[in-house]
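S.K.: Predicted model and sequence follow; I will ask about them next.
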There are 2 protein chains.
Amino acid sequence: MNASVATQRRAVAKTSRTSTPAPVGGIDLGGTKIQAAVVDAEGKVHGDARRPTPTTGGPEDVIAAMAEAMLEAAQKAGTDTSKLGGIGVGAPGSIDEGTGSLANASNLPGWSEPFPLAQRLSEALDTGVRLGNDVQVATDAEARLGAGQPYPSLIGVFWGTGVGGGIVLDDKPWLGRGAAGEIGHMVVKRGGARCPCGRRGCMEAYAGRRAMEAKARRDREAGKKTDLFKIAEEHGRDRLTSGIWARALEHDDPMAKKLIDRAIKALGAGIASAVNLLDVDAVIIGGGLGVRFGAPYAKRIEKRMGKHLFDVDTPPAVHVAALGDFGGAIGASLLWRPAPSR
Amino acid sequence: MNASVATQRRAVAKTSRTSTPAPVGGIDLGGTKIQAAVVDAEGKVHGDARRPTPTTGGPEDVIAAMAEAMLEAAQKAGTDTSKLGGIGVGAPGSIDEGTGSLANASNLPGWSEPFPLAQRLSEALDTGVRLGNDVQVATDAEARLGAGQPYPSLIGVFWGTGVGGGIVLDDKPWLGRGAAGEIGHMVVKRGGARCPCGRRGCMEAYAGRRAMEAKARRDREAGKKTDLFKIAEEHGRDRLTSGIWARALEHDDPMAKKLIDRAIKALGAGIASAVNLLDVDAVIIGGGLGVRFGAPYAKRIEKRMGKHLFDVDTPPAVHVAALGDFGGAIGASLLWRPAPSR
């Protein structure tokens, strides 16, 4: 089988997944929240609902919360889940798209072994369920309906608790052997800071919210000044959320400024490395921090990328994700829609 | 136009480039030497010749040397260049595949402006000439005829004077917007060593032969002990060639060992970063140093990659390039052959 035939077969396999004109459901299953939405064929959201992700229990509890959120979103959209064309789920961890099972979801309670997520949710909501990688479906959403629409090839960078990545090449998701897109674990400083993944020098070790918070706590314990934790307390938060970082920056908090500068330098180097390798048309920056900080910070990342881009004459376009908080859920709904025409 | 149609059109455009059962010529245009070969449809070399790359003059001088090498290779193969199905050239710099012109070839004398290489060489040798990127055609050769044959997706890493990269995804070269594959300029140490490209912390700044030689000279001037330059002198070399590095390692030269260790760490981090992003099946290590050092050093690079791979359960296969010195010329000849069946 030659290359073009292989590609055609894959394309056929992809488009033969039935499409439907009916609204479909999308669920973004995150470590903090579950976002459900009912989405029409144009990507418009007709109803949405959220639930906090359970922090105790196991897969059954998480699936119960997902079902609740989806039932509420359907109700708000004036429909019933059994009338949806299907439900897509963007999930973290190791996904078996064929069997619809999820494993190694370290941000979900008691979810290391494979669990038949698609089957159980399908039983609960009386419609078909498809699974996709959370970051990849969010990237697909930006590519097809968001800031990436003009570009055949792009990288999605989701700057949040961690730093996730999704890749679209010639209008098709690139998944590698199933684990592509780990842009947060590209090395930007060999022998550098310890990453939450356990390795050293990853981009996420400098730019991920979890790693930045750990660094802030260490620096505070070492006697460095910051209002980060005071601001968090005032807002009733026990973690440094994207909003807390944004507020601290507004107050010119020295530690917040320093750590965000450090994050931006790491993002600039890591994203530029990815562009040097792939020469994509565009970079879309999303995620909790990426969307919260918006265009001015995307511009700062773009500027730092410039220090490392090999082909300086044709830098990629850099945009903030346009679908915001709904990107993940909309992207998940696209698991039921064939690729749009270009 | 949807994604699959776009892919089909590209595939058609690619395969409609006429193939030929006749032997074709391949020329690897390097900064040091010009390697020409006559290659049959199975990738077998029937005649070959080399010329040193002119170090003075301009494009006309380089093209004259290329023509000489190709005429000699054809003669050895018992044919005439006019009887070849065509000639492919793998060249460094900015290539316009449509017009067959080459520009910004910084390793070639007086070759910054675009020059109609394909046309002039075609006139000199009385057959068609196609241009491709030197590193990409060498990667294609390994993918189709060499160590990469079993793998649909791979990265070629050419560890030599610089560190070049080529990408094959699902059996097709990935060129991005024409400049993909600059794996040597992925950042492995932000704020680190100065690279010959002028930037800091690139993989090539630690692993490229040119950068390693400059570092060795600086370290020697700073009083550090090494026999590297003595060995070079004994072998009549004014540069630290791959062979000189290999001999110094055989003599346990401390500086050579230290700088090669440093190069291997950088290669491990940079290649692992690329794999974390793309999740390819395999990594093929070629280039002057890569081929000279062979499997034991590829194994060392693989081991260092292990420290940075995110998906530890399914590391890519790592192999040394199998086509050796002829890889570039054979790859160039493939510009006249459609992709083989898999």
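M.R.: The structure has been received and is ready for your questions. Numbering: from 1, shown residues only, chains lettered A, B, ... in the order given.
S.K.: any chance you could map the strands in the stretch 1-150 of chain A?
M.R.: A:24-29, A:33-39, A:45-52, A:87-91, A:94-96, A:101-103, A:129-133 (DSSP state E, counting those that start in this stretch).
S.K.: Pick the most deeply packed of these.
M.R.: Comparing the strands of the stretch 1-150 of chain A by mean neighbour count (mean count of other Cβ atoms under 10 Å in any protein chain shown), strand A:24-29 ranks first with a mean of 30. All C-beta spots, glycine's among them, are computed from the backbone N, C-alpha and C.
S.K.: got the contact list for that strand?
M.R.: Strand A:24-29 has contacts (Cβ atoms under 8 Å, 6 or more residues apart in numbering or on different chains) with A:34-39, A:53, A:62, A:66, A:69-70, A:73-74, A:81, A:84-92, A:108, A:125, A:127, A:134, A:138, A:327-337.
S.K.: ok, it: who's next to it in the sheet?
M.R.: In the sheet, strand A:24-29 lines up against strand A:33-39 (antiparallel), strand A:87-91 (parallel) (DSSP bridges).
S.K.: Okay, angle between that strand and strand A:129-133 too, please.
M.R.: When axes from the mean of the first three to the mean of the last three Cα atoms, to 10 degrees is applied, the directions of strand A:24-29 and strand A:129-133 differ by 40 degrees.
S.K.: picking that back up, between the strands of the stretch 1-150 of chain A, which has the poorest mean confidence score?
M.R.: When the strands of the stretch 1-150 of chain A are compared on average pLDDT, strand A:94-96 comes out lowest at a mean of 88.
S.K.: what's the distance between that strand and the middle of its chain?
M.R.: Centroid separation between strand A:94-96 and its chain, computed with Cα atoms, centre = their mean, to the nearest Å, is 16 Å.
S.K.: Would you give the sheet partners of that strand, along with the direction of each?
M.R.: strand A:101-103 (antiparallel).
S.K.: roughly how far out does the strand it pairs with sit from the chain middle?
M.R.: For strand A:101-103, the distance to the chain centre is 18 Å (Cα atoms, centre = their mean).
S.K.: likewise stretch A:152-170?
M.R.: The answer for stretch A:152-170 is 8 Å, by Cα atoms, centre = their mean.
S.K.: what distance separates the start and the end of it?
M.R.: End-to-end distance of stretch A:152-170 (Cα to Cα, to the nearest Å): 5 Å.
S.K.: Do that stretch and chain B come into contact?
M.R.: Yes - using Cβ under 8 Å from any Cβ of the partner chain, stretch A:152-170 comes into contact with chain B via A:152-153, A:165, A:167, A:169-170.
S.K.: buried set for that stretch?
M.R.: Buried residues in stretch A:152-170, defined by neighbour count with 16 or more other Cβ atoms under 10 Å in any protein chain shown: A:152-170.
S.K.: For chain B, what's the nearest residue on the stretch 51-200 of chain A?
M.R.: For the stretch 51-200 of chain A, the residue closest to chain B is residue A:176, as judged by Cβ to the nearest Cβ, at 2.5 Å.
S.K.: show me where the stretch 151-300 of chain A has helices.
M.R.: Assigned by DSSP state H, counting those that start in this stretch, the helices in the stretch 151-300 of chain A fall at A:203-207, A:209-221, A:228-234, A:242-250, A:254-278, A:287-306.
S.K.: mean confidence score for stretch A:193-212?
M.R.: On average, the pLDDT along stretch A:193-212 is 96.
S.K.: Same question for stretch A:223-240.
M.R.: Averaging pLDDT residue by residue across stretch A:223-240 gives 96.
S.K.: Can you spell out the domain ranges of chain A, please?
M.R.: A:15-139+A:327-336, A:149-321 (automatic domain parsing).
S.K.: least reliable of the ones you listed going by mean pLDDT?
M.R.: It's domain A:15-139+A:327-336: among the domains of chain A, that one has the lowest mean pLDDT, namely a mean of 93.
S.K.: out of everything not next to it in sequence, what's closest to residue A:197?
M.R.: Of all residues not flanking residue A:197 in the chain, residue A:185 sits nearest, at 6.0 Å (Cβ to Cβ, 6 or more residues apart in numbering or on different chains).
S.K.: Neighbours of that neighbour, how many?
M.R.: 27 (other Cβ atoms under 10 Å in any protein chain shown).
S.K.: residues contacting it?
M.R.: Residues in contact with residue A:185, defined by Cβ under 8 Å, 6+ apart, are A:195, A:197, A:199, A:202-204, B:273, B:276, B:308, B:310.
S.K.: hmm, back to that, let me know which of the helices of the stretch 151-300 of chain A is tucked in deepest.
M.R.: It is helix A:203-207: most buried of the helices of the stretch 151-300 of chain A by mean count of other Cβ under 10 Å, with a mean of 30.
S.K.: Am I right that residue A:201 is in contact with residue A:186?
M.R.: No - with contact defined as Cβ atoms under 8 Å, residue A:201 does not count as touching residue A:186 (9.3 Å).
S.K.: Show me which of the two is the more surrounded one.
M.R.: With neighbours defined as other Cβ under 10 Å, residue A:201 and residue A:186 compare such that residue A:186 has more, 32 against 25.
S.K.: which residues sit in contact with that one?
M.R.: A:202-203, A:270, A:273-274, B:186, B:273, B:276-277.
S.K.: Identify the residue spatially nearest to it, adjacent ones excluded.
M.R.: residue B:273 is the one closest to residue A:186 (Cβ to Cβ, 6+ apart), at 3.9 Å.
S.K.: With residue B:186 as the reference, measure out to that neighbour.
M.R.: Using Cβ to Cβ, to the nearest Å, one gets 6 Å for the distance from residue B:273 to residue B:186.
S.K.: Same check on residue A:284?
M.R.: Distance, residue A:284 to residue B:186, by Cβ to Cβ: 20 Å.
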